[in-house]
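Enquirer: Need the 3D shape of this:
(one chain, ligands or ions: 1)
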Amino acid sequence: MDPADLGDQLQDVLLTEEQLHTRLDEIAVEIDRDYAGKDVLLVGVLKGAVMVMADLARRLHTPVAMDWMAVSSYGSGTKSSGVVRILKDLDTDLSGRHVLIVEDIIDSGLTLSWLLSNLRSRGPASVEIATMLRKPDAAKVQVDVRYVGFDIPNEFVVGYGLDYAERYRNLPFVGTLAPHVYGG
Ligand code: PRP
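Expert: Have a look, this model is predicted:
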């Protein structure tokens, strides 16, 4: 898909496909350097992280394993409650593994904060985070993030894994939607 496919649904392109890919090239170099000779497990958080996981993993020279988790916040609509339940757990034993959580976005930080302590309790050698996007102005908790693609304004964005009502995840770029899409 490209911006023209969205017609008047698209308000702005925030990050182009090229910008996303260039940044992933840089992050992959850092990860290869930081994890040289280590046994790395990439943990993708469904569903948003599918795109960044696929694009990042293919750029790495370090051999990695990949596993997936699906989590959901209690209290629908209040995804910032910080109380998270596991919908799909990892298939992998984390003992002694170097875990790199791969996310599409960190918004309030509450999901990642919970996930970090959950995964750290499983005896891994290390747990770090790589996220494509981060909204510093939306942070409710500070989360140490090792690799950040882009810090973005506190606006609702879609594309590159991010949805509105399950749509727009397959946009290769990140953008904002016109108000009328939300019924505005
Ligand atoms: C998004 C994103 C993070 C979380 C970040 O997932 O992938 O997991 O929200 O928000 P937070 O920092 O405020 O906790 P979402 O719940 O939208 O699920 P999805 O990936 O299936 O779309």
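Enquirer: can you tell me which residues contact Val181?
Expert: Residues in contact with Val181 (Cβ atoms under 8 Å, 6 or more residues apart in numbering) are Gln9, Tyr164. Using the backbone N, CA and C atoms, a C-beta is placed for each residue, glycine as well.
Enquirer: Neighbours of Leu56, how many?
Expert: Neighbourhood size, Leu56 [other Cβ atoms under 10 Å]: 24.
Enquirer: now do Val84
Expert: Neighbours of Val84 (other Cβ under 10 Å): 18.
Enquirer: what about the closest residue to it other than its chain neighbours, distance to the ligand?
Expert: The shortest distance from Val84 to any non-neighbouring residue, by Cβ to Cβ, 6 or more residues apart in numbering, is to Trp114 (4.4 Å). Applying Cβ to the nearest ligand atom, to the nearest Å, the value for Trp114 to the ligand is 8 Å.
Enquirer: again with Ser73
Expert: Distance from Ser73 to the ligand, by Cβ to the nearest ligand atom: 7 Å.
Enquirer: wait, that residue sits on Val83?
Expert: Yes - contact criterion Cβ atoms under 8 Å: Ser73 and Val83 qualify, at 6.5 Å.
Enquirer: more neighbours, the two?
Expert: Ser73 (18 against 11).
Enquirer: Find the helix or strand that Arg42 is a member of.
Expert: Arg isn't right for residue 42; it's Leu. Applying DSSP states H and E as the criterion places Leu42 in strand 40-46.
Enquirer: name the helices or strands packed onto the next helix or strand after that strand?
Expert: On the C-terminal side of strand 40-46, the closest following helix or strand by DSSP H and E is helix 50-57. Helices and strands touching helix 50-57, by 3 or more Cβ pairs under 8 Å, 6 or more residues apart in numbering; DSSP states H and E, are helix 17-34, strand 40-46, strand 64-73, strand 98-106, strand 126-134.
Enquirer: What's the mean pLDDT across the first one?
Expert: When pLDDT is averaged along helix 17-34, the result is 98.
Enquirer: which parts of it are buried?
Expert: Residues Glu17, Leu20, Arg23, Leu24, Ile27, Ala28, Ile31, Asp34 are the ones in helix 17-34 that count as buried (16 or more other Cβ atoms under 10 Å).
Enquirer: and if you look at stretch 130-142?
Expert: Buried residues in stretch 130-142 (16+ other Cβ under 10 Å): Ala130, Thr131, Met132, Leu133, Arg134, Lys135, Ala138, Ala139.
Enquirer: Let me know the pLDDT of Gly75.
Expert: Looking at Gly75, its pLDDT is 56.
Enquirer: do the same with Ser81
Expert: Looking at Ser81, the pLDDT reads 66.
Enquirer: can you check Tyr164 too?
Expert: Listed pLDDT for Tyr164 reads 95.
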